[in-house]
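Asks: Provided below for reference: sequence and predicted model.
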Amino acid sequence: MPRRRPFYRCREPLEWDPRMTLARRTVLATAAASLAFPARAADWTSIEQAARGKPVFWNAWAGDDRTNAFIAWVGEQVRASHAIDVHHVRLRDTSEAVARVVAEKAAGRTEGGSVDLVWINGPNFLSMKEQGLLFGPVLDTLPNAALVERVTKPTVVDFTVPTEGFEIPWRMARVVFIADGARVKQPPRSMAALGAWATANPGRLAHPHPRNFLGATFLKQALVELAPDRAALASPAGENFTVMTAPLWAWYTTLRPALWRRGTNFPEGGAALRALLNDGEIDIMISFNPAEAVSAIASGTLPPTVRTFMPDGGTIGNCSFNAIAFNAANREAAMVLANFLLSPVAQARAADPEILGSPTVLALDRLPQADRARFAAARPIPALLTDAELGPALPEPHPTWMTRLTAEWERRFAA
Amino acid sequence: MIPLAPVLLLAAMLVPIGAGLAATVLPAFGWLPALGGHAPSLQPWRDLLASPGLGRAVALTIGTGLAATTASFAVALALAVAARRPAMARVVTALLAPLLATPHAAMAIGLGFLIAPSGWLARLLSPWLTGWSTPPDLATVQDPWGIALTVGLCLKEIPYLLLAILAALAQADAMAARRVAAALGYGPWRAWALVVLPRIWPQMRLPVMAVLAFSLSVVDVALILGPSAPPTLAVMVLRLFADADLARWFPACAGALLLAGIVAAGLGLLLLIERVAARIGTAASRTGRRGGTGSAADAASMCAAILLALLGAGALAVLALWSFAGAWRFPDVLPARWSAAAWQAPMLRGPLLATIGIGLAATILALLLAALCLEREQRTGTRPGRSLALLYLPLLVPQIAFLSGFQQMLVRANLDGGALALVWSHLVFVLPYVFLSLADPWRALDPRLARAAAGLGASPARVLLRITLPLMLRPLLAAGAVGFAVSAGLYLPTLFAGAGRVATLATEAVTLSSGGDRRIGAASALLQAMLPLLAYAAAILLPAWTARHRRGMALQ
């Protein structure tokens, strides 16, 4: 059943910032970014000057300790280079930040807003973009945006929705699975095989609640593998939702009783899932970070016996973005921060499997040799898949699929 | 300033509640222009009713709320009755302070670490007794029936109600009535039911109501120990408020209102039960039965007290173990590696300072307002009548029913996320406790001291500063410690008023409990539990030190 659009849902962005429209037109007109470069360089200097000494409130999901540590490191760097104070606003869920911008808009606060930069993806982005809650386009104002790989990596589409410069990519994510190698000798190589494995080993597999993005990703990975027409997932979900998801629900209905707690309770998110694997309550978990196993072993939050694996047919990959709220109080500082995140130094640190292990969004062949060398793998690591083993990522379905999958799952299994 | 004090005190509490409720009611009926709601409508209610799992969430809310309140009150009463035996009295007194001081969230996290399938209890018994080499697939926490949630609530509410009973006993001189009943041959338990309980109930009514309202609307404990699919209504509403689909704000407001309705119905039910119980009690007293010695009931109470002590101490101990763990795998009884890294985590410093800062500011403001009110009372000789019941309002209205509305108000005034917003939202909940703790000692102050000072020519201000306040130092600090402990435990007010920008130990502990590094989560929960203890210790030691040369006050 398609969800009705309630009457009070805004259809149009309520306010049109003339600068916004103008800037968008400029960017569209000058797709070849280099033409505008001299002018932008001057603009950028003034932006950097305006940013100096300002705070920036970076609203970022705080459920991952390594990411939190990385954000802290970024804060130190930007403080040293631009005297900017980065405050990490620790979100349980990104929608908290979205709700806050809404509340501010509701209260008529069109400037001096509390959300400067927000780490955002998929449905949250679609929602903010549709409601005109984002500042931009901003991507091509950033000097380092020229280094972003826009063709072979999904850095300018977010869950198939064109970002139109309103989002700044900062890290790549990729679905992998982590298993305790001491207990799982032959990891299942497809979602169908995973279902069979769970039935043979009841209670030893869990996925986060689909309200959590990782839980929804678990369903999406199964959808991509099981849907009768994978290409249709690139368009918004419509009448075809029932047909496309029928094999998924058939698969899940069999799987559910074999899940941890017989599928009646679900861990809150990835970190809770990892705790279950560490406690030995489950044997296999899904992860959105190919290097999670490596760093978790290092920090003692997973046993050294865990190994990373993935389905033979490939897995979903996507890009994590930052966006600036339409009423951000510290817009310039947010831009400087976003630009630093695109620098080879920051990207190389994020890509280091011991730190974050997030594949870079940059086009390595466009970097100078010295910067490219930063990305060279230090040494092979047993719990880590190589780039060749990872292979190319499968595209994310349109955000409407995720929204409707979650709603339908709740209707079927949580009522 | 002093004449205005009662108005200020009530305004500080009632403005956020009133304005917040209004800002929740309007969107619940379709009115929120900024989100496109321009006309009254019942669509939010239809959307709410269509939310998956609403029925079970409501049932879960009512079930856990009633069960936790009933069980807590019954156990607290039993402990109070059994405490007439000296051995039991010692256990009860030892139990009270640490359990009361530990915030709900910290206790819930510790309890979870204790009773989870991979928790410490299972580790202590595995594999030698249970044969488990991996944790069993049993829902001992976050179970679909909310049993763990109910136990977690009882663990905190039993001490609270016990304290209220002990305070009421002292006031109502109920023990004299019990001695008369004993002389007439009534057994201790029957005497309690027939003559003590009716005497202390008028003072117990509001605390029991507060416990019921809290249990029905609690968020942090339900997030930690309650089931997730579906959760309790309060958690469901919180999720709707935070949904990426902004249109969910409307059904969220409707849900918050529904919760307020459930709480109101629960309070009504309590008053009904009160009447029925009075009838039954009267009828029971007419039978003339005397009741037995109650030694079996005493033994059962002793067991309950020991279980309570074990759960409470175990929860705190396992928090301490986890905070110093390096790697701790099932079924090891103790960590394989130890590490103090969690305590050095820089992410705890900010929340620690925020908790202390907000707590101190809210407590000092509350003390100031309460003291001024009581001083005015003393000078004018008038007692507030029914307006005293308003003090309980912040404890009776579900937090989620007015905090989102209050947040909107703060945003409109451009105050959200600022120190003022946080301190104010904490003040709403700190004030009642501070005022109630301070009122009795203040009113009990011998008025002749002030009269003597005035007779010697001292101005009222000088009397206040030189006589009343020094004499009131101990109650002031005790009330301050209570207020600080309340503030340190507040989760939802920080979440809403802090605009997500301000993390306290409470929000940090709850966030980390849903995942994240268990060791840092344990450290933050333990830190959250230690702050109130330090405040209580200061409230005991400081007056003892300042009064070290005054034997009369030191003996107080």
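Replies: The structure has been received and is ready for your questions.
Asks: residue B:436 contacts residue B:391, doesn't it?
Replies: Yes: Residue B:436 is within contact range of residue B:391, at 6.7 Å (criterion: CB atoms under 8 Å). Every residue, glycine included, has its C-beta placed from N, CA and C.
Asks: near chain A, which residues of the stretch 1-150 of chain B are found?
Replies: By CB under 8 Å from any CB of the partner chain, the part of the stretch 1-150 of chain B that sits against chain A consists of B:30, B:32-38, B:41, B:43, B:47, B:52-53, B:55-56, B:116-118, B:133-135, B:137, B:139, B:142-144.
Asks: ugh, wrong one, the stretch 251-400 of chain B
Replies: B:326, B:327, B:329, B:330, B:337, B:339, B:346, B:347.
Asks: switch to 6 Å and redo it
Replies: B:326, B:327, B:330 (CB under 6 Å from any CB of the partner chain).
Asks: can you tell me which of these are buried?
Replies: Buried members of these, scored by 16 or more other CB atoms under 10 Å in any protein chain shown, are B:327, B:330.
Asks: so the residue most central in space within chain A, which of the three states?
Replies: By CA atoms, centre = their mean, chain A has its centre lying nearest to residue A:320, at 3.5 Å. Recorded secondary structure, residue A:320: strand (DSSP: H, G, I helix; E, B strand; the rest coil).
Asks: check contacts around the closest residue to chain B within the stretch 101-250 of chain A.
Replies: Relative to chain B, the nearest point of the stretch 101-250 of chain A is residue A:106 (3.2 Å; CB to the nearest CB). Residues in contact with residue A:106 (CB atoms under 6 Å, 6 or more residues apart in numbering or on different chains) are residue B:34.
Asks: what's the pLDDT at it?
Replies: Here, the pLDDT recorded for residue A:106 equals 78.
Asks: cool, and residue A:337?
Replies: 97.
Asks: residue A:327 touches residue A:111, doesn't it?
Replies: Yes: here residue A:327 reaches residue A:111: they are 5.4 Å apart, a contact under CB atoms under 6 Å.
Asks: more neighbours: which of those two?
Replies: residue A:327 (21 against 10; other CB atoms under 10 Å in any protein chain shown).
Asks: apart from its chain neighbours, what residue comes closest to the more buried one?
Replies: Nearest residue to residue A:327 in three dimensions, chain neighbours excluded: residue A:113, at 3.3 Å (CB to CB, 6 or more residues apart in numbering or on different chains).
Asks: go on, residue A:305?
Replies: residue A:182 is the one closest to residue A:305 (CB to CB, 6+ apart), at 4.1 Å.
Asks: what sits against residue B:81?
Replies: Residue B:81 touches B:189, B:192, counting by CB under 6 Å, 6+ apart.
Asks: distance from the helix or strand containing it to the middle of the chain?
Replies: Assigned by DSSP states H and E, residue B:81 belongs to helix B:54-82. For helix B:54-82, the separation from the chain centroid amounts to 15 Å (computed by CA atoms, centre = their mean, to the nearest Å).
Asks: returning to what we had before: in strands only, show me the residues of the stretch 251-400 of chain B next to chain A.
Replies: Residues of these located in strands (DSSP state E): B:326, B:327.
Asks: tell me how far residue B:353 lies from residue A:87.
Replies: For residue B:353, the distance to residue A:87 equals 14 Å [CB to CB, to the nearest Å].
Asks: and those two? Which one has more around it.
Replies: Just comparing residue B:353 and residue A:87: by other CB under 10 Å the higher neighbour count belongs to residue A:87, 17 against 12.
Asks: name the helix or strand for that one, please.
Replies: strand A:85-91.
Asks: who touches stretch B:326-336?
Replies: A:279-280, A:300, B:118, B:123-124, B:126-127, B:135, B:325, B:337-339.
Asks: is it true that the residue nearest to the centre of chain A touches residue A:171?
Replies: Yes: here residue A:320 reaches residue A:171: they are 4.7 Å apart, a contact under CB under 6 Å.
Asks: and residue 58, how many neighbours does it have?
Replies: Using chain A here. For residue A:58, using other CB under 10 Å, the count is 26.
Asks: oops, I was thinking of chain B
Replies: Residues within reach of residue B:58, counting by other CB under 10 Å, total 18.
Asks: show me what contacts the residue nearest to it when sequence neighbours are not counted?
Replies: Nearest residue to residue B:58 in three dimensions, chain neighbours excluded: residue B:233, at 5.6 Å (CB to CB, 6+ apart). Contacts for residue B:233 (CB under 6 Å, 6+ apart) come out as B:57, B:58, B:61, B:259.
Asks: with that, I have no additional questions.
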